Every structure is written in structure tokens, then in C-alpha cells.
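In: give me coordinates for this.
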Amino acid sequence: MFKNSSKILFSLILMSGTMITISSNSWLGAWMGLEINLLSFIPLMNDTNNLMATEASLKYFLTQALASSILLFSIILSMLKINVTFQLNFNYIYMINMMTLSTLLLKSGSAPFHFWFPGVMEGLSWNNNLILMTWQKIAPLMLISYFSMKMMFFVVILFSVLIGSLGGLNQTSLKKLMAFSSINHLGWMIAAMISTESLWMIYFLMYSFLSLTMIYFFNNFKVYHLNQLFSMFLESKSVKFIMFLNLLSLGGLPPFLGFFPKWMVIQYLTFNNHLFLMAMMTMMTLITLFFYLRICYSAFMLNYYENNWYTQVNLNTNSMNFYFIISFISLSGLMFMNLIYFLL
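Out: A predicted model of the protein is given here:
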């Protein structure tokens, strides 16, 4: 990642752009932070070893530039005070709010504005994918949380969980699988936003941690497709087993840590009588868990075909120790949380 000083520079600018957005007290300042963030991420996307990186960075730039231009246009429209009676018209204000919210949803990659997200993920390295799935969502999500348009949120949540779950079916590319998983989780995060500010932040932090555990593994062993998972680690069944358990944790299967934020969101939606929304979200997540389980089935049963020859994987002790530590937190975090709760 940090092979030269320019990468460090652009990474610092990337972080400062997000900080400008979330600490801004005006829409213009927030837009400026988003632009700084975008223009610093483009150089980080370039990779001489990956021919698809240029295409992915162009797709990302065009989509984000379109969203930024419409966002600026809607900000200017909201600031115009040409006609006071027209300005105070409810439909006019609602239209501007919807336009602004749509651009932020496009920036974050939520459905139905997700069309660019899987394609860009496919073309990037695992490190850049982690940034795109976690850090790049902080600023748009923070701005989305300022809105209180429940009906629009409900539509976006349903689209996100539907597309995130159905899109992952029959995917062989792990990058696209992670992309559709991210779209699904975005639906849950927006559902958490309806309740409190802290709930979606907790969900986001846990999702970021679980994504780190998966992407650390994929990047360390240069895994990009499903068939690689089945033909690797034949000499170390435990590594393969833990990796698939982490995948189920990301899907939100109890009793793993990934279930905890979903549990809190389900509890809130039930208390507030959003039963249809909660039922739809839960059903769509079960589809996600179905294809995760289908991937994990052969590894859990340990009855898959083994090649007579296979590439020996070098299990670096330090990296594996770190992976086992974060996996332990991911797999047993929920039990420890319950224990602490009952003790307190």
C-alpha cells in the first residue's frame, strides 16, 4: 500500500477530506470535503499490476463527479431566495431534499443507485476495496443521517437488502460477493439511522471490523475467486474453517459478532411497529446467509475433492497470529458482550 511517499500524502488528504465533511456546518463545506476526498482517492486506485484499476478509477470518478455536480446544484437551489412564497412551498423543499439525498445515496453506493459499485470493486485491489467499503462511506452516511425522510428511507432500505441479497447469488468473484454484501449492510445501516445516531455508528464500526477480517485474509493469500478457496489450505483445515466462520459472521449468523448489530436494529424496528420492514430485511438476510452457507458447506463437511497436487501456502506466523486474534473477536465477541451485560 505505502510503497512511496505520495501514497501516504494522498491517504492523509483522503482522511482530511472526510473529516472536513463530517465537521462542516454548511452544505458547501460538506461538498468541498467530499471533493477533496474523491480527488485524493483516485491516485490511490491506480495500480500498475492491475489492468482493471484504470477502468475502475474512471467509473468511480465519473459517478462521483456526477453525484457531486447534482449535489452542488441542489445546494444552490436550496440557497436561492428569488421568490419567498415559492421557496417556502413544501413540494419545492421536499424535491430539493430528495435530490440531495439521492446524490448522497449514489456516493455511498446504496441501491437503487448501486450500479457502479460492483464494477469498481472488481477492478480494485483488496486494500482499496477495504477503503471503498468502509472509510469512503463515512462522509455520505453522516450527511444522510441529517435527513428525516422516512418514506424515502424505507424504499432505499428495501431496495438495498433486496439487491444486496439477490445480487450475491451465483457470484464466483469474491470482490463482487463483498460488494453485494456491502449493499445489503448499507440497507441495515440506513434502518439503524431511523432510530438513533449512535446505533448506525455501532453497526458501521462492527461491519468495518468484520470486513477487515475477511479482506485481511483474502489479501494475505491473494484469493480472488471461490474456486481458489476450495483448492487452498488443504494442509491446514483450521485456517479454512475459521475463514468460513468469519464469512458467516459477516452474514449475521448467531452466535457470532455480526449478529449483534442486526439484533439491535431488529429490536428497534419491532418496538416501533415497523414490522413489515423488519420482516423483509430479515428474509433478505436469510437469502444472503443461504449463499454464504452454500459456499461454506463443502468446507464444513470436509468432503470436497482434493487435488493430487496443490500449491503450498506459506503461513507466515506473525500474520496468522494477527488473523487468529481478530477472528477470535469476530467469532466470540457476542458471547463476551452478553456476559459483560449480565455481570453489569
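
In: mind giving me the packing neighbours of the host helix or strand of Phe61?
Out: Taking DSSP states H and E as the definition, Phe61 sits inside helix 52-79. For helix 52-79, the packing partners by 3 or more CB pairs under 8 Å, 6 or more residues apart in numbering; DSSP states H and E come out as helix 27-45, helix 90-108, helix 117-123. To be clear about C-beta, it is placed using only N, CA and C from the backbone, and glycine gets the same treatment.

In: in that helix, what's buried?
Out: 53, 56-57, 59-61, 63-64, 67-68, 71-72, 74-75, 78 (16 or more other CB atoms under 10 Å).

In: now the angle between helix 27-45 and it, please.
Out: On the basis of axes from the mean of the first three to the mean of the last three CA atoms, to 10 degrees, helix 52-79 is oriented at 180 degrees to helix 27-45.

In: helix 52-79 to helix 90-108, inter-axis angle?
Out: 160 degrees.

In: what is the mean pLDDT for helix 52-79?
Out: Helix 52-79 shows a mean pLDDT of 91.

In: please apply the same query to stretch 272-284.
Out: Mean pLDDT, stretch 272-284: 91.

In: coming back round to it: worst mean pLDDT among the helices and strands packed on helix 52-79?
Out: When I compare the helices and strands packed on helix 52-79, helix 90-108 is least confident, with a mean of 88.

In: and the host helix or strand of Leu177, what does it pack against?
Out: For Leu177, the element it lies in under DSSP H and E is helix 174-195. The helices and strands touching helix 174-195, judged by 3+ CB pairs under 8 Å, 6+ apart, are helix 117-123, helix 126-133, helix 135-144, helix 150-166, helix 197-220, helix 226-231, helix 259-271, helix 275-301.

In: hey, least reliable of those helices by pLDDT?
Out: Among those, helix 226-231 scores lowest, at a mean of 77.

In: does Asn170 sit in a helix, a strand or a coil?
Out: Following DSSP: H, G, I helix; E, B strand; the rest coil, the label given to Asn170 is coil.

In: where does it fall, phi/psi-wise?
Out: Per-residue torsions, Asn170: phi 60, psi 20 (degrees, to the nearest 10).

In: please apply the same query to Tyr224.
Out: phi -130, psi -20.

In: so who does it touch?
Out: Contacts for Tyr224 (CB atoms under 8 Å, 6 or more residues apart in numbering) come out as Ser173, Leu174, Lys175, Phe218.

In: Met52 versus that one, what's the distance?
Out: According to CB to CB, to the nearest Å, Tyr224 and Met52 sit 11 Å apart.

In: any shared contact partners between those two?
Out: By CB under 8 Å, 6+ apart, no residue touches both Tyr224 and Met52.

In: these two touch, right, Ile20 and Ser40?
Out: No. Here Ile20 does not reach Ser40: they are 11.4 Å apart, not a contact under CB atoms under 8 Å.

In: of the helices and strands packed on helix 52-79, flag the one that's most buried.
Out: helix 117-123 (a mean of 22; mean count of other CB atoms under 10 Å).

In: ok, residues contacting it?
Out: Taking CB under 8 Å, 6+ apart as the rule, helix 117-123 contacts 50, 52-53, 55-57, 59-60, 63, 109, 129, 132-133, 167, 173, 175-176, 178-180, 182-183.

In: rewinding a little: in ChimeraX, select just the buried ones from the contacts of Tyr224.
Out: Buried residues among those (16+ other CB under 10 Å), as a ChimeraX selection:
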select :174,175,218
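
In: re the thing from before, Phe260: which of the helices and strands packed on helix 52-79 is closest?
Out: Distance to Phe260, taken as CB to CB, is lowest for helix 90-108 among those, at 22.4 Å.

In: quick check: angle from the closest one to helix 174-195?
Out: Following the same axes, to 10 degrees, one obtains 140 degrees for the angle between helix 90-108 and helix 174-195.

In: other SSEs contacting helix 90-108?
Out: Counting contacts by 3+ CB pairs under 8 Å, 6+ apart, helix 90-108 packs against helix 52-79, helix 135-144, helix 150-166.

In: I appreciate the help and will end here.
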